[in-house]
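quick check, what structure comes out for this input:
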Amino acid sequence: MHIKRWPKRFLLVSTIIITAVLVCSQFARAETAVDLYNKGLEMHRSGKYEEALEYFDKAIVADPELAQVWNNRGGTLAGLGRYQEAIESYEKAIEFDPKLTIAWLNKGGSLSMLGRYKEAVECYDMALRLEPKLADAWFGKALALQDLGRYEEAIKAYDTALELDPTFISAWGSKGAMLTELGRYDEAIECYDKYLVLDPDNYTTWYNKGQALNLSGRYRKAAECYTKVLEINPNISQAWASKGSALAMSEQYQEAINCLDRAVELNPNDVDAWYNKGAVLDILGRYQEAVEAYDKALEIDPQSVLAWSTKAKTLGKLDRYQEAIDCYDKVLEIGVPLSDEWFNQSMALLKSENNEEALVYVAKALEMDTKNARAWSNKGLLLAKMGKQKEALVCYDNALNIDTGHVPDWSEDDVPLSETPEYAEAEAKAIGAIGGQGQ
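Sure thing, here's the model as predicted:
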């Protein structure tokens, strides 16, 4: 599941508004600097950052000791994505006015953008020493602490920001996203609800609330949130895909397929939507269509172990065992497989009567997981088919010792007949484990 995180905020606009008032008395000593500075503000507000930077540079030439100009120059550089230069400009502002809170605040923002979160926290702490009730500084500190993995401290910082300003909408959203990532879904939903009181038409927040509900197993309510997203903006492919997933989990399979079709219509490269469509079609027994959907997913991401593995299982249901084997081979080729992948390959080989090769794969599965009851029982079946009844009996015993209620993946009809006493005992063990259940 994907949670949309609110972007880090740099307070560039508020910085400029505040400092425009603060610096007027200082600019009285250098009228040319005032004119250049104001032109820089105008350019910045119009989004013309390069032109703004030129005017701020000229203002600094006219009067190099104006802290507010250095600060706003830093804000413009940050707007251009030139964060290291922005930090240097904020440092000049602090050099000329160590008590300029907004410069500490903005420096913390640029440090965070460079991944220097510990230094960012130090800057926010400095801003809070100067202005302990500055909600923006608590919010910036919360974001940095979150990125450091110091989640409980981050929550306290978010809470302080929200105590100081209960309408701080970005803090509600960011806190909710973090709580979702931590698996604290009910608390996250409360945050999203607070956000939606303030901005009921924010589809990102409706989407994130849907994700929290989905992850907590409340699929129908999640689908309602995704529906709300699509009422606001019907062209959000991710919302169609997530709604399809939630509907599938609610066993509303045809509605799920309709949503997933719309998702891939809007974004044909959505590998997850293609995969989920395949999974739903598989549930409905529409195996050939499922294979086609998995193929679409694999065109987009040929390295998707999940798509190769699931496609293989679906091919097995179509009795297309050699193709299934080829898919499992691809899984094993892509990376270090799980025990289950080796086991699934052995099953496909068993079904296609490649018993010796199947035995190699099931042995690999058991190397990775000696407690895999399914692998032990299938190894027993393979050995029995190869006439090694004593060894088969040991394998069946192992399977039943691990899981006394184990039901093998093969039916009673799969057990080969034998006249030997050893195999009769093994056969009895096998059929006893099956409990009379066939596939």
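
all contacts plus neighbour counts: C-alpha atoms, from now on.
Fine.

specify the local secondary structure of residue 214.
Following DSSP: H, G, I helix; E, B strand; the rest coil, the label given to residue 214 is helix.

pretty sure residue 134 is touching residue 124, no?
No: judged on Cα atoms under 8 Å, residue 134 makes no contact with residue 124 at a distance of 9.9 Å.

give me the more crowded residue out of the two.
Using other Cα atoms under 10 Å, the more surrounded residue of residue 134 and residue 124 is residue 124, with 28 against 19.

what lies in contact with the helix or strand hosting that one?
Taking DSSP states H and E as the criterion, residue 124 maps to helix 117-130. Residues outside helix 117-130 that contact it (Cα atoms under 8 Å, 6 or more residues apart in numbering): 99, 101-102, 104-105, 107-112, 134, 137-138, 140-141, 144-145, 147-148.

repeat that with 6 Å
Contacts to helix 117-130, defined as Cα atoms under 6 Å, 6 or more residues apart in numbering, come from residues 101, 104-105, 108, 111-112, 137, 141, 144.

from those, which land in helices?
101, 104-105, 108, 111-112, 137, 141, 144 (DSSP state H).

in CSV: the residues you listed, plus neighbour count, distance to residue 286 and pLDDT.
Output for the ones in helices among the contacts of helix 117-130, formatted as CSV (neighbours: other Cα atoms under 10 Å; distance: Cα to Cα, whole Å; pLDDT from 0 to 100):
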residue, neighbour count, distance to residue 286, pLDDT
101, 21, 63, 95
104, 27, 61, 96
105, 28, 57, 96
108, 30, 55, 96
111, 21, 53, 96
112, 23, 49, 94
137, 28, 55, 96
141, 30, 52, 97
144, 29, 48, 96
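
what helix or strand is residue 85 on?
Using DSSP H and E, residue 85 falls in helix 83-96.

I'd like the average pLDDT over that helix.
For helix 83-96, mean pLDDT is 95.

for it, buried residues please.
For helix 83-96, burial by neighbour count (16 or more other Cα atoms under 10 Å) applies to 83-84, 86-87, 89-94.

list just the nearest of those residues to residue 312.
Closest to residue 312 out of these is residue 83 (48.5 Å), distances taken as Cα to Cα.

can you list the buried residues in stretch 32-44?
Quick answer for stretch 32-44 (16+ other Cα under 10 Å): 33-34, 36-44.

residue ranges of each domain in the chain, please.
1-154, 302-369, 370-439 (automatic domain parsing).

let me have the contacts of helix 117-130 in TSV, extended by distance to residue 250.
As requested, the contacts of helix 117-130 are exported to TSV (distance: Cα to Cα, whole Å):
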residue	distance to residue 250
101	52
104	50
105	46
108	45
111	44
112	41
137	43
141	40
144	38
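
where does pLDDT dip in the protein?
1-31, 335-362, 364-365, 367-368, 404-439 (pLDDT under 70).

so what touches whichever strand or helix holds residue 174?
In the assignment (DSSP H and E), residue 174 maps to helix 169-181. By Cα under 6 Å, 6+ apart, the surrounding residues in contact with helix 169-181 are 6, 188, 191-192, 195, 212.

and of the residues you listed, the nearest to residue 249?
Nearest member of the contacts of helix 169-181 to residue 249, counting by Cα to Cα, is residue 212, at 14.5 Å.

with adjacent residues omitted, what lies nearest to the closest one?
residue 185 (5.4 Å; Cα to Cα, 6 or more residues apart in numbering).

neighbours of that neighbour, just the number please.
If you count neighbours by other Cα under 10 Å, residue 185 ends up with 22.

same thing with residue 316?
Neighbours of residue 316 using other Cα under 10 Å come to 21.

ok, now residue 371?
Neighbours around residue 371, by other Cα under 10 Å: 16.

cool, and the one 5 residues further on?
Residues contacting residue 376 under the criterion other Cα under 10 Å number 27.

got a winner among the contacts of helix 169-181 for most neighbours?
Counting by other Cα under 10 Å, top hit in the contacts of helix 169-181: residue 212 with 28 neighbours.

that one is in contact with residue 184, isn't it?
No: contact between residue 212 and residue 184 fails when scored by Cα atoms under 6 Å: they sit 8.6 Å apart.

adding distance to residue 401 and secondary structure, write the buried residues of stretch 32-44 out as JSON lines.
Listed next are the buried residues of stretch 32-44 as JSON lines, based on distance: Cα to Cα, whole Å; DSSP: H, G, I helix; E, B strand; the rest coil:
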{"residue": "33", "distance to residue 401": "85", "secondary structure": "helix"}
{"residue": "34", "distance to residue 401": "85", "secondary structure": "helix"}
{"residue": "36", "distance to residue 401": "84", "secondary structure": "helix"}
{"residue": "37", "distance to residue 401": "81", "secondary structure": "helix"}
{"residue": "38", "distance to residue 401": "81", "secondary structure": "helix"}
{"residue": "39", "distance to residue 401": "81", "secondary structure": "helix"}
{"residue": "40", "distance to residue 401": "78", "secondary structure": "helix"}
{"residue": "41", "distance to residue 401": "77", "secondary structure": "helix"}
{"residue": "42", "distance to residue 401": "78", "secondary structure": "helix"}
{"residue": "43", "distance to residue 401": "76", "secondary structure": "helix"}
{"residue": "44", "distance to residue 401": "73", "secondary structure": "helix"}
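
now these in a markdown table, with distance to residue 154?
As requested, those are exported to a markdown table (distance: Cα to Cα, whole Å):
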| residue | distance to residue 154 |
| --- | --- |
| 33 | 41 |
| 34 | 40 |
| 36 | 40 |
| 37 | 37 |
| 38 | 37 |
| 39 | 39 |
| 40 | 36 |
| 41 | 33 |
| 42 | 36 |
| 43 | 36 |
| 44 | 32 |
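
tell me the one of those residues nearest residue 311?
residue 44 (53.7 Å).

roughly how far apart are the closest one and residue 65?
21 Å (Cα to Cα, to the nearest Å).

output the helix holding residue 85 as CSV, restricted to C-alpha atoms.
Output of helix 83-96 as CSV, limited to C-alpha atoms (Å, rounded to 0.1, in the frame of the first residue of the first chain):
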residue,chain,number,x,y,z
TYR,A,83,19.7,23.5,-0.8
GLN,A,84,23.4,23.7,0.1
GLU,A,85,23.6,27.2,-1.3
ALA,A,86,20.4,28.1,0.6
ILE,A,87,22.0,26.8,3.8
GLU,A,88,25.0,29.0,3.3
SER,A,89,22.7,32.0,2.7
TYR,A,90,20.8,31.3,5.9
GLU,A,91,24.1,31.0,7.8
LYS,A,92,25.0,34.5,6.6
ALA,A,93,21.6,35.7,7.9
ILE,A,94,22.3,34.1,11.3
GLU,A,95,25.8,35.6,11.3
PHE,A,96,24.3,39.1,11.1
